[in-house]
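**Student:** Take this sequence and fold it.
(one chain, ligands or ions: 1)
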Amino acid sequence: MQNSGHANPLLDMDFRIPFDLIQAAQVEPAMAQLLSQARGSLAAIAGVPGPRTFENTMHALDNLTEPLDRALGVVRHLESVATYPELRAAFNAVQPQASAFYTGIPLDAGLWNGIKAFAATSEGTQLKGERRRFLDKTVETFRRHGADLDAAGKKRLEAIDVELTQITTKFGENVLDSTNAFELLIAREADLAGLPPTALAAARESAVRKNLDGWRFTLQAPDYFAVMTYLDNHAIRRQVYEAFSVRATAEPRDNRPIVARILELRREKAELLGYGTFADLVLEDRMAHNGARAVAFLEDLKSKTERRFQEENRELLEFRREIEGPQAPALEPWDVAYYAEKQRAALYDFDEEALRPYFPMQRVVAGLFDLVNRLYGIHVLEETGVPVWDPQVRYYNVRDETGAYLGGFYADWYPRENKRGGAWMDGLITGGPAPDGFNPHLGLICGNLTAPVGGKPALLTHREVETIFHEFGHLLHHLLSRVEVRSLAGTNVAWDFVELPSQIMENWCWERPALDLFACHWETGAPIPQDLFQKMKRARNFRSAADQMRQLGFGLIDLLMHTRYSPERDGDPVEYSRRLLQEFSPAPLPPQHAMIAAFTHLFGSPVGYGAGYYSYKWAEVLEADAFTRFRDRGIFSREIGAEFRSKILAKGDSEDPADLYRGFMGREPDPRALLERSGLA
Ligand SMILES: [Zn+2]
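**Tutor:** The predicted structure is shown next:
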């Protein structure tokens with residue numbers, strides 16, 4: 001234990017965060033103090049004596065939660081990368097108060113009146129640029145959160161939000177419980193034919209953990225996909241597929257009435273706040289702006305993908321008939337992944353593992369820094385001796401070509417038991433232009449990549465290399481931000497825009513000259529052999545129309561359920577969505593198919609990806625399109641790099657993202673580049 005007399009490090013954090021000093025016992029007292037300070041600041045803004053100014057109202061609002069955000073961000077981060085029971089307990093204890101404080105901000109009548117009073121001043125009416133946008137967005141956000149409702153309206157809104165929180169939580173629990181309720185035990189080794197050794201070992205281990213004989217399969221993703229992709233036994237594939245597609249549709253875990261109720265509450269909430277549909281409410285401040293535009297976007301892509309989709313399905317059936325004879329039946333849904341894998345192996349003879357020796361971690365990272373130096377002129381240099389949360393973590397400084405300091409970041413790449421899964425970027429401190437110069441940014445990137453073993457360097461898969469580039473793209477969006485208003489800086493942008501800076505980085509992982517910067521055999525130093533590179537490129541677009549249709553189908557049912565769907569006219573939402581999904585499926589869906597009853601993206605939280613699933617495709621269209629400017633001018637073009645930096649990366653949310661995009665491209669987004677890259681044009 002630290003003895004008393006030491007200050008609580010969470011209360012006094014400057015740029016160099018003392019990760020080595022922070023302890024669980026400090027979390028609750030620090031948060032209590034920071035919350036009380038934030039409440040005090042809120043009351044002070046609400047009760048400003050004398051005339052309202054940008055400084056005493058909007059600037060103060062922008063900074064209102066900064067110390068709380070910073071401390072909470074650090075604790076949340078430590079909980080996800082270096083957790084232990086006391087820290088988790090402390091974090092869980094402070095979460096509800098913090099989130100109640102944040103959600104209460106737009107409902108504070110004094111603050112809302114203060115903002116409206118400022119908007120009416122001559123300074124407020126004459127604001128320009130970033131400050132204008134900040135004021136307008138603040139007013140809209142407060143309205144969308146109910147600031148303008150009367151007392152009865154606010155009460156109803158609160159009741160809707162409480163019920164949505166409860167039933168979406170229940171939705172997620174039902175999915176989890178019904179997924180876990182299924183197990184398939186296979187006793188005969190002959191029934192396992194086709195499965196790769198890793199899947200077999202996992203199934204055996206799963207049985208042993210439960211004190212069972214044989215091989216155990218669940219509906220968790222790795223088991224489910226292994227069975228669907230590799231298992232020769234058609235009847236078992238069918239059994240597992242059917243179990244998977246009816247999850248959460250039987251008592252006591254039936255999500256079907258919950259889906260209907262969630263949709264009803266979301267409709268009511270949208271109406272209460274003055275919107276035609278839930279999609280219009282959610283999308284108002286996103287790039288698509290409304291539901292109809294997002295629907296039109298998906299339908300356009302669908303029409304451009306359908307022909308190739310039908311061809312792919314015919315080719316797959318022909319492939320089956322080549323190997324099984326002309327009388328082989330049409331494909332059922334539980335056959336598609338299985339025959340597709342056989343077809344892929346026959347067509348491409350490409351083993352992803354063959355690439356690993358060319359991707360040693362340190363070379364990849366050095367190549368990435370070299371690339372961003374060429375594109376943006378920035379220098380990334382490691383600094384040792386900085387306090388970190390784990391000895392594996394590295395720290396880097398980023399400087400401009402003039403030597404000006406832009407900020408720093410931590411990189412934590414390998415899995416540990418005290419760290420959560422996945423890969424992500426986070427901004428710990430948002431800097432930017434300030435009256436006294438420039439405040440540097442601080443951020444981090446984390447992953448769970450292949451770790452070094454047996455004295456060899458960490459050898460990555462190509463997908464892992466893409467992950468590093470992707471997360472670094474988010475980090476650049478943060479570190480290169482030149483926005484004065486904190487709430488509009490860096491990655492604080494619309495959901496359907498935020499993946500542009502990250503996904504565009506993945507393009508360089510597919511270009512030979514870029515790969516040659518870093519893809520060198522870890523022992524011989526040789527570049528990737530040309531035939532291996534060609535195989536990798538060709539295999540990339542295998543069944544890309546089917547993949548795209550799948551994503552478009554999910555995006556479209558999401559939007560249609562949150563726009564056009566009416567329970568009186570369209571009946572049961574599960575059947576409604578099955579009818580629709582049928583158009584996007586390579587094989588006829590069975591009548592009991594109820595995929596949306598387990599679609600946690602849409603129904604596992606009050607908003608989540610609800611009316612926002614299209615964003616995945618939207619961002620792909622943007623990044624593929626934007627990358628054409630690099631492709632056409634040279635993928636290391638400093639000129640295009642400088643434009644992308646100043647017009648996109650530096651701007652955060654300080655202008656409408658559609659305007660930013662037009663500013664960089666000189667026109668509206670065009671899906672052609674994505675279709676070409678996917679072999680669909
Ligand atoms: Zn991302």
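**Student:** Output the below-cut-off pLDDT ranges for this structure.
**Tutor:** Scanning the chain for pLDDT under 70 picks out 1-6.
**Student:** Does the top helix by length along it pack against any helices or strands, and if so which?
**Tutor:** Scanning the chain for the longest helix, with DSSP state H as the assignment, gives helix 291-324. Counting contacts by 3 or more Cβ pairs under 8 Å, 6 or more residues apart in numbering; DSSP states H and E, helix 291-324 packs against helix 278-283, helix 336-348, helix 544-561, helix 615-633. C-beta here means a position set from N, CA and C on the backbone, and glycine is covered the same way.
**Student:** Can you add distance to residue 668 and give these back as CSV?
**Tutor:** Shown next, in CSV, are the helices and strands packed on helix 291-324 (distance: least, Cβ to Cβ, whole Å):
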stretch, distance to residue 668
helix 278-283, 17
helix 336-348, 35
helix 544-561, 19
helix 615-633, 9
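**Student:** how about these, which one is nearest residue 504?
**Tutor:** Ranking these by proximity to residue 504 (Cβ to Cβ) places helix 615-633 first, at 4.1 Å.
**Student:** After the closest one, which helix or strand is next?
**Tutor:** Using DSSP states H and E, the next helix or strand after helix 615-633 towards the C-terminus is helix 638-644.
**Student:** what comes up buried for the helix or strand following that next one?
**Tutor:** Remark: after helix 638-644, the chain's next helix or strand is helix 657-665, criterion DSSP H and E. For helix 657-665, the neighbour count (16 or more other Cβ atoms under 10 Å) marks 657-658, 660-661, 664-665 as buried.
**Student:** how about the residue lying closest to residue 218 once chain neighbours are set aside, what does it touch?
**Tutor:** In this structure, residue 218 finds its nearest non-sequential neighbour in residue 183, 5.7 Å apart by Cβ to Cβ, 6 or more residues apart in numbering. Residue 183 sits next to 210, 216-218 when contact means Cβ atoms under 8 Å, 6 or more residues apart in numbering.
**Student:** Give me the three-state assignment for residue 409.
**Tutor:** strand (DSSP: H, G, I helix; E, B strand; the rest coil).
**Student:** what's the closest non-adjacent residue to the most centrally placed residue in the chain?
**Tutor:** Closest residue to the average C-alpha location of the chain: residue 499 at 7.8 Å, with Cα atoms, centre = their mean. Closest residue in space to residue 499, ignoring its immediate chain neighbours: residue 619 at 3.6 Å, by Cβ to Cβ, 6+ apart.
**Student:** Correct me if wrong: that neighbour contacts residue 501.
**Tutor:** No. Residue 619 is beyond contact range of residue 501, at 9.7 Å (criterion: Cβ atoms under 8 Å).
**Student:** what ranges do the helices span in the stretch 301-450 of the chain?
**Tutor:** 336-348, 361-376 (DSSP state H, counting those that start in this stretch).
**Student:** what do you get for the stretch 1-150 of the chain?
**Tutor:** Using DSSP H, counting those that start in this stretch, the helices of the stretch 1-150 of the chain run over 24-46, 60-63, 66-81, 85-104, 109-120, 122-125, 129-144.
**Student:** Quickly compare those and say which is most buried.
**Tutor:** helix 66-81 (a mean of 20; mean count of other Cβ atoms under 10 Å).
**Student:** neighbouring contacts of it?
**Tutor:** Applying Cβ under 8 Å, 6+ apart, the set of residues contacting helix 66-81 is 10-11, 13, 17, 19, 22, 27, 30-31, 34-35, 37-38, 87-88, 90-91, 94, 98, 101, 389-390, 412, 416, 418-420, 426-429, 444, 446, 486.
**Student:** again with stretch 632-646
**Tutor:** Stretch 632-646 is contacted from outside by 371, 374-377, 480, 507-508, 511, 513-514, 626, 629-630, 664, using Cβ under 8 Å, 6+ apart.
**Student:** so what's residue 506 closest to, chain neighbours aside?
**Tutor:** residue 466 (4.6 Å).
**Student:** same thing with residue 544?
**Tutor:** With sequence-adjacent residues excluded and distances taken as Cβ to Cβ, 6+ apart, residue 544 is closest to residue 678, at 4.2 Å.
**Student:** With residue 470 instead?
**Tutor:** residue 502 (4.7 Å).
**Student:** Report whether that neighbour is found in a helix, as I expect.
**Tutor:** Yes. Assignment of residue 502 by three-state DSSP places it within a helix.
**Student:** and it, what does it touch?
**Tutor:** Going by Cβ under 8 Å, 6+ apart, the list of residues near residue 502 reads 425, 470-471, 473-474, 477.
**Student:** Among those, find me the one that's closest to residue 317.
**Tutor:** Nearest to residue 317, judged by Cβ to Cβ, of the contacts of residue 502 is residue 470 at 35.3 Å.
**Student:** In three-state terms, label the closest one for me.
**Tutor:** Secondary structure, three-state DSSP: residue 470 is helix.
**Student:** Hmm, residue 506 and it touching each other?
**Tutor:** Yes. When contacts are counted by Cβ under 8 Å, residue 470 is listed as touching residue 506 (5.6 Å).
**Student:** quick one: which of these two has more around it?
**Tutor:** Using other Cβ atoms under 10 Å as the criterion, residue 470 and residue 506 rank with residue 470 on top: 22 against 18.
**Student:** ok now do that one, which residues does it touch?
**Tutor:** Residue 470 is in contact with 423, 502-503, 505-506, counting by Cβ under 8 Å, 6+ apart.
**Student:** Go through these and name the one nearest residue 344.
**Tutor:** residue 506 (20.9 Å).
**Student:** host element of that closest one?
**Tutor:** helix 500-506.
**Student:** Ignoring the adjacent residues along the chain, who's closest to residue 127?
**Tutor:** residue 135 (5.7 Å).
**Student:** about what we covered before: between residue 619 and residue 501, which has more neighbouring residues?
**Tutor:** Using other Cβ under 10 Å, the more surrounded residue of residue 619 and residue 501 is residue 501, with 27 against 21.
**Student:** so the more buried one sits right up against residue 476, yeah?
**Tutor:** Yes. With contact defined as Cβ under 8 Å, residue 501 and residue 476 form a contacting pair (6.2 Å).
**Student:** tell me, what's touching the two both at once?
**Tutor:** Common contact partners of residue 501 and residue 476 (Cβ under 8 Å, 6+ apart): residue 649.
**Student:** residue contacts, residue 353?
**Tutor:** Residue 353 makes contact with residue 461, according to Cβ under 8 Å, 6+ apart.
**Student:** before we move on, the earlier item: if I look at the residue nearest to the centre of the chain, how far off is residue 468?
**Tutor:** From residue 499 across to residue 468, the span is 16 Å (Cβ to Cβ, to the nearest Å).
**Student:** now do residue 566
**Tutor:** Separation of residue 566 from residue 468 (Cβ to Cβ) stands at 46 Å.
**Student:** Then residue 81?
**Tutor:** Going from residue 81 to residue 468 by Cβ to Cβ gives 17 Å.
**Student:** hang on, the earlier thing: okay, now the residue nearest to residue 544: neighbour count?
**Tutor:** Residue 678 is flanked by 18 other residues according to other Cβ under 10 Å.
**Student:** Spit out the contact partners of it.
**Tutor:** 541, 544-545, 548.
**Student:** would you list the residues you listed in a markdown table and tack on distance to residue 235 and neighbour count?
**Tutor:** What follows is the contacts of residue 678, written out as a markdown table (distance: Cβ to Cβ, whole Å; neighbours: other Cβ atoms under 10 Å):
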| residue | distance to residue 235 | neighbour count |
| --- | --- | --- |
| 541 | 32 | 13 |
| 544 | 30 | 18 |
| 545 | 29 | 23 |
| 548 | 31 | 23 |
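**Student:** tell me which of these is nearest to residue 49?
**Tutor:** Closest to residue 49, out of all of these and judged by Cβ to Cβ, is residue 548, at 58.8 Å.
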